[in-house]
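> Below: sequence and its predicted model.
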Amino acid sequence: MKIFQILMIITVLFSLVQAEGLSESEKMTFDRQLKACEEGEPFSCLRIGDYYYTGRGLEKDISTAESFYEKGAALM
């Protein structure tokens, strides 16, 4: 589980660097959703997954999207 968490954090940090395509408001929303996901909020994890799945404002990454979807589902 620790490896998974570390990989998720690295992926998210890399994505934040890539997130310059988001408006300031969207970036703030993304950051809040990410923090809530890290704190165990399942719907926030699903929303972060949507960002990755659609590539909205950052690089599209289906694998990372699936990881966030799985995390959100596991938290429900």
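Arrived safely.
> alpha carbons only for contacts and neighbour counts from here, please
Noted.
> Which residues does the helix or strand harbouring F30 contact?
Per DSSP states H and E, F30 falls inside helix 24-38. With contacts defined as C-alpha atoms under 8 Å, 6 or more residues apart in numbering, helix 24-38 is touched by 19, 43-45, 47-48, 72.
> for the host helix or strand of E70, the distance to its chain's centre please.
Secondary structure assignment for E70, by DSSP H and E: helix 62-75. Helix 62-75 has its C-alpha centroid displaced from the chain centroid by 9 Å (C-alpha atoms, centre = their mean, to the nearest Å).
> for that helix, which positions count as buried?
For helix 62-75, burial by neighbour count (16 or more other C-alpha atoms under 10 Å) applies to 62, 64-69, 71-72.
> same question for it, mean pLDDT?
The average pLDDT within helix 62-75 is 94.
> what angle separates that helix from helix 24-38?
50 degrees (axes from the mean of the first three to the mean of the last three C-alpha atoms, to 10 degrees).
> Who are the packing partners of helix 62-75?
Judged by 3 or more C-alpha pairs under 8 Å, 6 or more residues apart in numbering; DSSP states H and E, helix 62-75 is in contact with helix 42-54.
> Just the mean pLDDT for the helix it packs on, thanks.
93.
> buried stuff in stretch 28-42?
In stretch 28-42, counting by 16+ other C-alpha under 10 Å, buried: 30, 33-34, 37-38, 40-42.
> and that stretch, C-alpha only, in PDB?
Provided in PDB are the C-alpha atoms of stretch 28-42 (Å, rounded to 0.1, in the frame of the first residue of the first chain):
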ATOM      1  CA  MET A  28      -7.600  25.900  -7.000                       C
ATOM      2  CA  THR A  29     -10.500  23.400  -7.400                       C
ATOM      3  CA  PHE A  30      -8.100  20.700  -8.500                       C
ATOM      4  CA  ASP A  31      -5.900  21.300  -5.500                       C
ATOM      5  CA  ARG A  32      -8.800  21.200  -3.100                       C
ATOM      6  CA  GLN A  33     -10.200  18.000  -4.600                       C
ATOM      7  CA  LEU A  34      -6.700  16.400  -4.400                       C
ATOM      8  CA  LYS A  35      -6.300  17.300  -0.800                       C
ATOM      9  CA  ALA A  36      -9.800  16.000   0.000                       C
ATOM     10  CA  CYS A  37      -9.000  12.800  -1.800                       C
ATOM     11  CA  GLU A  38      -5.800  12.400   0.200                       C
ATOM     12  CA  GLU A  39      -7.900  12.800   3.300                       C
ATOM     13  CA  GLY A  40     -10.200  10.000   2.300                       C
ATOM     14  CA  GLU A  41     -13.100  11.700   0.500                       C
ATOM     15  CA  PRO A  42     -14.200   9.200  -2.200                       C
END
